[in-house]
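Trainee: Provide a 3D model corresponding to the input given below.
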Amino acid sequence: MRTRFGHLVAIPWIALAIPCLHAAPLEAQPHGRLVEQVLHTPNAGPAGRRVVVYLPAGYDAPEHARTRYPLLVLLHGGPGNERDWVVQGHVDRRFDAWIAARLLPPFVAVMPNAEGPGRHRCSLYMDSADGRWPVERFLVGDLLAWADRALRVVRDLRWRAIGGLSDGATGAVDLALRHPDRFGGAIGLSGEYEWKPGRGRAAILGRPPDDAVRVARHSPLRYLPGISSAAREPRIFIGCGWLDPVALNAIELDRALARAGIAHACHLRAGSHEWLTWAAALEDGLVWLWGGHYTPPRAQHFLGAA
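Mentor: Numbering: from 1, shown residues only. I've put the predicted structure just below:
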């Protein structure tokens with residue numbers, strides 16, 4: 001069921017309770033619901049930024065009033081918008097099924113609009129060079145602060161992740177690596193993991209030579225060779241189809257993360273640059289992060305079928 005509210009009431013911190021993996025049987029599992037919201041925050045711009053929120057079944061039940069849930073931020077691709085994951089990926093139904101099957105604990109997902117001044121309204125999930133489009137500040141600052149105020153979400157980084165597809169995959173991995181105090185995990189699906197100047201991106205990256213500096217600063221494949229694993233680091237899941245044009249980028253990121261000593265998993269499966277592959281890979285990534293399959297610090301490599 002989809003509902004639309006003009007606002008969400010902020011909910012005070014009450015208690016920390018990671019939801020149990022033992023959900024109700026599939027036939028008895030009610031559906032979660034979607035809430036569409038416009039956020040008017042300091043970095044959301046004059047018109048605000050739209051978000052779609054998935055709330056799991058039972059979120060509003062009185063017996064769960066003190067329950068706090070893991071938080072997933074899902075970035076759309078470029079071009080794209082906040083509704084893509086629901087309209088094209090049907091993730092609300094998939095989330096219901098994965099939770100009902102006890103693959104995952106009940107969780108909250110926030111899907112923000114991350115459009116910007118680039119061609120096809122792309123933002124590359126970073127602040128524009130002129131500062132007029134502070135998309136990164138919105139995503140890692142305003143959005144998370146709003147979620148902590150308005151939603152009953154866990155603040156423990158172990159249960160806070162960011163994911164994305166295509167350009168959103170590059171953005172998600174980049175944001176997680178550069179903001180390990182905000183996200184404990186990241187899921188990249190079919191990303192290039194290295195931005196390129198041009199392609200109508202001057203409004204985001206600026207003009208030469210500044211654009212090359214910003215590309216290097218926000219491209220994981222560029223800056224990973226210069227860093228090593230820290231005491232606090234995000235866990236990274238890389239998912240991609242074998243027939244995807246960016247499959248080699250996934251393999252290259254896998255190797256770069258291994259050299260940096262960052263715990264990660266790389267899953268290449270049958271599929272290409274399309275929604276069925278992304279949906280299956282998202283399930284793999286969430287189960288790896290939250291389903292009890294994480295064994296640090298050794299990287300995991302496995303093959304799967306769509």
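Trainee: Kindly provide the whole-number mean pLDDT of stretch 160-170.
Mentor: Across stretch 160-170, pLDDT averages out at 98.
Trainee: so how far does that stretch reach from one end to the other?
Mentor: Stretch 160-170 has an end-to-end distance of 18 Å (criterion: CA to CA, to the nearest Å).
Trainee: what do you get for stretch 130-142?
Mentor: Stretch 130-142: ends 19 Å apart by CA to CA.
Trainee: Equivalent analysis for stretch 187-207, please.
Mentor: In stretch 187-207, first residue to last residue: 31 Å (CA to CA).
Trainee: Tell me how far that stretch lies from the chain's centre.
Mentor: Relative to its chain's centre, stretch 187-207 lies at 17 Å (CA atoms, centre = their mean, to the nearest Å).
Trainee: Now it: buried residues?
Mentor: Across stretch 187-207, burial judged by 16 or more other CB atoms under 10 Å covers 187-195, 197, 201-206. Placement of C-beta: from N, CA and C, glycine included.
Trainee: Test my guess that residue 79 contacts residue 124.
Mentor: No: Residue 79 lies out of contact with residue 124 (CB atoms under 8 Å); the separation is 12.0 Å.
Trainee: on that earlier part again, now, which of the buried residues of stretch 187-207 lie within helices?
Mentor: Taking DSSP state H, the ones among those that sit in helices are 202-205.
Trainee: wait, which of the residues you listed is closest to residue 119?
Mentor: Nearest to residue 119, judged by CB to CB, of those is residue 203 at 8.5 Å.
Trainee: Check the closest residue to that closest one other than its chain neighbours and give its pLDDT.
Mentor: Closest residue to residue 203 apart from its sequence neighbours, by CB to CB, 6 or more residues apart in numbering: residue 117 at 3.9 Å. pLDDT for residue 117: 95.
Trainee: Would you verify that residue 117 is located in a strand?
Mentor: No: under DSSP: H, G, I helix; E, B strand; the rest coil, residue 117 falls outside any strand and is assigned coil.
Trainee: Do me a favour and get the end-to-end distance for stretch 268-275?
Mentor: 15 Å.
Trainee: gap between that stretch and the chain center?
Mentor: With CA atoms, centre = their mean, you get 18 Å for stretch 268-275.
Trainee: repeat for stretch 167-175
Mentor: 8 Å.
Trainee: Now do the buried residues in stretch 266-281.
Mentor: Buried-residue list, stretch 266-281, by 16+ other CB under 10 Å: 266-269, 271, 273, 275, 277-281.
Trainee: just curious, which of the ones in helices among the buried residues of stretch 187-207 is nearest to residue 101?
Mentor: Within those, distances to residue 101 taken as CB to CB reach their minimum at residue 204, with 40.1 Å.
Trainee: Would you check that the closest one makes contact with residue 121?
Mentor: No: taking contacts as CB under 8 Å, residue 204 lies outside contact range of residue 121: 10.7 Å.
Trainee: With adjacent residues omitted, what lies nearest to residue 104?
Mentor: residue 98 (4.9 Å).
Trainee: that's a strand at that neighbour, yeah?
Mentor: No: according to three-state DSSP, the state of residue 98 is helix, so it is not within a strand.
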